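# Sequence and predicted model, in that order:
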Amino acid sequence: RDPSFAQHLQNYLSYNVFRYLENLRPGYNFGGWVDSGGSHMGLYRYAEQLWLTLFAKAPEITLFAYNQLLRQPELGKTASETFLLTDQFLGELGKPKGIASYKPYHATGEDFLQNYLGMTGLPMDMIPFFPSDKKVVLLTEQAKSDPAIADKIREQLMRGGDVVVTTGLLKAIPDQIASIAQVRCSDLKALIDDFGWNGKSARQLLIPQVHYLTNDSWEIVSAGNPLTNGVTGYPILLRCPFANGNMYVLTIPDNFADLYAFPDNALNMIRLFMSRDLDIRIEGPSKVGLFVYDNGTFIVESFLDEPVSVRVVLSGEQKIVTELTENKAYSVESNKFSITLEPHTFKVFKK
């Protein structure tokens, strides 16, 4: 879809919505459907909706609707080419996995934020329960719907796990969060563009001001206006140690899309701390997606309108990875390798 239209749907939704519905009742989501919305931007948008649905492991796809296919015959040709391309590797992909994001049933708050985070290269896995076997759990404002959420956060931290809470949740349940760390999201705002050694954004971004007790919590990523040679700054990623784990506060701009304007190094730091459950992460700009599977396969896709180079970071002692559509080997040095993606394309890898 065209994100500038009334629904403001982000590209990543085509993947994320299927995964979330599948997680609600595994095995009972029998497919996805794709219409021609957004195809006026270019047929790549139609193809993208199709392959993102397949990346999510949808067992079948419905092309909606027949009258659209008759009116725009190029849609059928694009669908055929997309299916031929994805048939080359879909059988190689395992079960999708990502950063666990707990969304209680019927919960609202910071709606669709996970789609914006997915567009910054953070693989999302939205689930309707608080997991007990994850190193990191992401909690947006949606988690306020669980009356026992503070107890679940403490239990996660006590067993040595981490929790990432957004400023939306921090503001929604301040008293419950205060039982874990003396941190609060105020009504004050700040305009920022300088992320210090993590770089600068191309424009000013409006964020909520997070207040905390010095030495009780520590800023991992900071920003100001200016921060470098300035007199104050504000946390973008804040670490709050508790028991055997850490609660991190992730500052969400008032406009979710401003996450895309975060400098590369700031995003890289956020990806590093949020990806403990994954053996793969990327380094580079926003609007590059990462899709990870449980059998060592993964996909890197560019949503950008220009070529982009990114680094893929692997854990372990991997020396070679293979790109499946080209049958090309990439050498891994110091757990990293670099790739270049043309606009609106993807590469599929197997370790």
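Yep, it's here. Residues are numbered from 1 along each chain as shown.
# can you give me the helices for the stretch 101-250 of the chain?
113-118, 149-158, 167-172, 174-178 (DSSP state H, counting those that start in this stretch).
# Would you convert the ones you listed into JSON lines that also reports distance to Pro235, mean neighbour count and mean pLDDT?
For the C-beta atoms, the positions are set from N, CA and C on the backbone; glycine is no exception. Shown next, in JSON lines, are the helices of the stretch 101-250 of the chain (distance: least, Cβ to Cβ, whole Å; neighbours: other Cβ atoms under 10 Å; pLDDT from 0 to 100):
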{"stretch": "helix 113-118", "distance to Pro235": "17", "mean neighbour count": "24", "mean pLDDT": "98"}
{"stretch": "helix 149-158", "distance to Pro235": "18", "mean neighbour count": "19", "mean pLDDT": "98"}
{"stretch": "helix 167-172", "distance to Pro235": "10", "mean neighbour count": "24", "mean pLDDT": "98"}
{"stretch": "helix 174-178", "distance to Pro235": "14", "mean neighbour count": "15", "mean pLDDT": "97"}
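# who wins for proximity to Tyr330 among these?
Comparison of those against Tyr330 by Cβ to Cβ identifies helix 113-118 as nearest, at 23.8 Å.
# what's the closest one in contact with?
9-10, 12-13, 15-16, 101, 124, 126, 138, 140-141, 166, 168, 252, 256-257, 259-260, 289 (Cβ atoms under 8 Å, 6 or more residues apart in numbering).
# go again using 6 Å as the cut-off
By Cβ atoms under 6 Å, 6 or more residues apart in numbering, the surrounding residues in contact with helix 113-118 are Gln10, Tyr12, Leu13, Asn16, Ser101, Met124, Met126, Thr140, Phe256, Leu259.
# can you pick the most crowded of the residues you listed?
Thr140 (27 neighbours; other Cβ atoms under 10 Å).
# In CSV, list the contacts of helix 113-118 along with pLDDT and distance to Asn23.
Converted to CSV, these look like this (pLDDT from 0 to 100; distance: Cβ to Cβ, whole Å):
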residue, pLDDT, distance to Asn23
Gln10, 96, 19
Tyr12, 98, 16
Leu13, 97, 15
Asn16, 98, 10
Ser101, 98, 10
Met124, 98, 11
Met126, 98, 6
Thr140, 98, 15
Phe256, 98, 22
Leu259, 98, 23
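# and those, which two are the farthest apart?
With Cβ to Cβ as the measure, no two of these lie farther apart than Met126 and Leu259, at 17.0 Å.
# so what's Ile153 closest to, chain neighbours aside?
Of all residues not flanking Ile153 in the chain, Val163 sits nearest, at 5.2 Å (Cβ to Cβ, 6 or more residues apart in numbering).
# The one you found contacts Tyr248, doesn't it?
No - with contacts counted by Cβ atoms under 6 Å, Val163 stays clear of Tyr248, the gap being 7.1 Å.
# more neighbours, the two?
Between Val163 and Tyr248, counted using other Cβ under 10 Å, the more crowded position is Val163 (27 against 22).
# Pairing partners for that one in the sheet, please.
Val137, Met247 (DSSP bridges).
# what sits against it?
Val137, Ile153, Gln156, Met247 are the contacts of Val163 under Cβ under 6 Å, 6+ apart.
# right, and out of the residues you listed, which lies closest to Glu306?
Closest to Glu306 out of those is Val137 (34.9 Å), distances taken as Cβ to Cβ.
# how deep is the closest residue to Gln182 other than its chain neighbours tucked in, by neighbour count?
Spatial nearest neighbour of Gln182, chain neighbours left out: Leu213 (4.5 Å); criterion: Cβ to Cβ, 6+ apart. For Leu213, the count of nearby residues is 10 (other Cβ under 10 Å).
# Pass me the low-pLDDT residue ranges in the stretch 151-300 of the chain, would you?
Within the stretch 151-300 of the chain, not a single segment meets pLDDT under 70.
# Ala172 against Glu141, yeah?
Yes - Ala172 lies in contact with Glu141 (Cβ under 6 Å); the separation is 5.2 Å.
# where exactly do the strands run in the stretch 251-351 of the chain?
With DSSP state E, counting those that start in this stretch as the criterion, the stretch 251-351 of the chain has strands at 280-283, 288-293, 297-302, 308-314, 320-323, 328-331, 336-341, 346-350.
# mind giving me a markdown table with those strands and columns for distance to Pro208 and mean neighbour count?
Listed next are the strands of the stretch 251-351 of the chain as a markdown table, based on distance: least, Cβ to Cβ, whole Å; neighbours: other Cβ atoms under 10 Å:
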| stretch | distance to Pro208 | mean neighbour count |
| --- | --- | --- |
| strand 280-283 | 26 | 22 |
| strand 288-293 | 26 | 23 |
| strand 297-302 | 30 | 23 |
| strand 308-314 | 29 | 18 |
| strand 320-323 | 40 | 16 |
| strand 328-331 | 41 | 11 |
| strand 336-341 | 33 | 15 |
| strand 346-350 | 34 | 21 |
